[in-house]
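J.: Structure here, sequence nowhere to be found:
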């Protein structure tokens, strides 16, 4: 064995070692935890989350948009915002959800639900005046 071969061997791994490690990792990744597991529930492979927000100023709204971009639903209570900022918040979040092909629904007079396309929303909420 030459000096060149000795140095090369010191700084490289053999293919046998790498193949053995890769095979065990790939085999474990393909086995589901149970027969009911569905790893393709969302684009990220995780369970969709619903995050609740109560912004105090319009500067808090981009944080909500970031959660929507991460494919998480957001419930936004705007009771602490002035009327001007409520409208700006609604307009901004409608634009974000429209761009994500999601939906925005009004929950009550001061709360909305914003969902990206990967989360379906069903049902309707009626107001008290419609119940009578």
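T.: Perfect, thanks for sending it. Just so it is clear, the model here is predicted, and its values are computed rather than measured. Numbers count the residues shown, from 1 in each chain.
J.: The helix or strand where residue 105 lies packs against which elements?
T.: Element membership for residue 105, per DSSP states H and E: strand 103-108. Here strand 103-108 is seen to pack against helix 83-99, strand 111-115 when contacts are counted using 3 or more CB pairs under 8 Å, 6 or more residues apart in numbering; DSSP states H and E. For glycine as for every other residue, the C-beta is placed from the backbone atoms N, C-alpha and C.
J.: low pLDDT regions in this structure?
T.: Along the chain, segments meeting pLDDT under 70 span 1, 3-4, 6-48, 127-132.
J.: With adjacent residues omitted, what lies nearest to residue 88?
T.: Spatial nearest neighbour of residue 88, chain neighbours left out: residue 58 (5.6 Å); criterion: CB to CB, 6 or more residues apart in numbering.
J.: Quick check, that neighbour in contact with residue 85.
T.: Yes. Residue 58 is within contact range of residue 85, at 4.9 Å (criterion: CB atoms under 8 Å).
J.: could you pull out the helices for the protein?
T.: Remark: helices assigned in the chain by DSSP state H are 3-11, 15-30, 61-69, 83-99, 128-131.
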